[in-house]
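>>> let me see the structure of the following:
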Amino acid sequence: MNYDHWRHYARGWVFHFLGKTDTAYAAYAEAFRINPADLQSLRHLASIAAEKQRWETAESWYAKVLDLRPAEGDTWFNLGFVRERAAKPAEAIAAFNEAVRLNPKQDRAWYGMGFAHARLGQHAAAATAFQEAVTLQPMNGEAFYQLGMALHHANRPDEVKPVVIRLLDFEPKRAKKLAQDTERADLMKLIPELPF
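Have a look, this model is predicted:
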């Protein structure tokens, strides 16, 4: 065991726990410098960078984690997330695809993939990804809303109606927003009078 490495890692952990993320980041970076196989420090470095919205830095750290552990679906999701936030939708899709290849039930990766496809104007692909997300999370109102919008932008109006009807079951306010945002007067007739 390398005492210097563990001293810096432990210092990073304590400062991270105390919310002193800049000091924790420096300690984790030193721990990783001493031991380049230190996955935990890498994960913390990536997480802190993402928390501070340093997307490019977080992307670099997550890529290093995947160099050491390429079969981690959660890390592929995290990589996709920071790439999407860094306005790199094509690269985000590649990461999300790998995440769902490793874990097809990872609903948040399907959801993120839907956003990345939508950002590229690939609305049919976005709808496919959002459909997977709502299948896995059938009470996720935001995912249903995004599915409806993707179907609308993909010029599949007949498929928007069932989404509005489904939303009426558990989120009528969001159903109303979807009908309004798709400018569907026919769907607005389905919305009951809401007290809010």
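
>>> residues of stretch 93-102 that come out buried?
93, 94, 95, 96, 97, 98, 99, 100, 102 (16 or more other CB atoms under 10 Å). From N, CA and C alone the C-beta is placed, and that goes for glycine too.

>>> give me the mean pLDDT for it.
If you average the pLDDT over stretch 93-102, you get 98.

>>> what's in contact with that stretch?
Here stretch 93-102 makes contact (CB atoms under 8 Å, 6 or more residues apart in numbering) with 71-74, 76-77, 79-80, 83, 106, 109-110, 112-113, 116-117, 120, 129, 132.

>>> turn the buried residues of stretch 93-102 into TSV, including secondary structure.
Shown next, in TSV, are those (DSSP: H, G, I helix; E, B strand; the rest coil):
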residue	secondary structure
93	helix
94	helix
95	helix
96	helix
97	helix
98	helix
99	helix
100	helix
102	helix
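
>>> what would those look like in JSON lines with distance to residue 56?
JSON lines is the format used below for the buried residues of stretch 93-102 (distance: CB to CB, whole Å):
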{"residue": "93", "distance to residue 56": "18"}
{"residue": "94", "distance to residue 56": "16"}
{"residue": "95", "distance to residue 56": "14"}
{"residue": "96", "distance to residue 56": "18"}
{"residue": "97", "distance to residue 56": "21"}
{"residue": "98", "distance to residue 56": "19"}
{"residue": "99", "distance to residue 56": "20"}
{"residue": "100", "distance to residue 56": "24"}
{"residue": "102", "distance to residue 56": "24"}
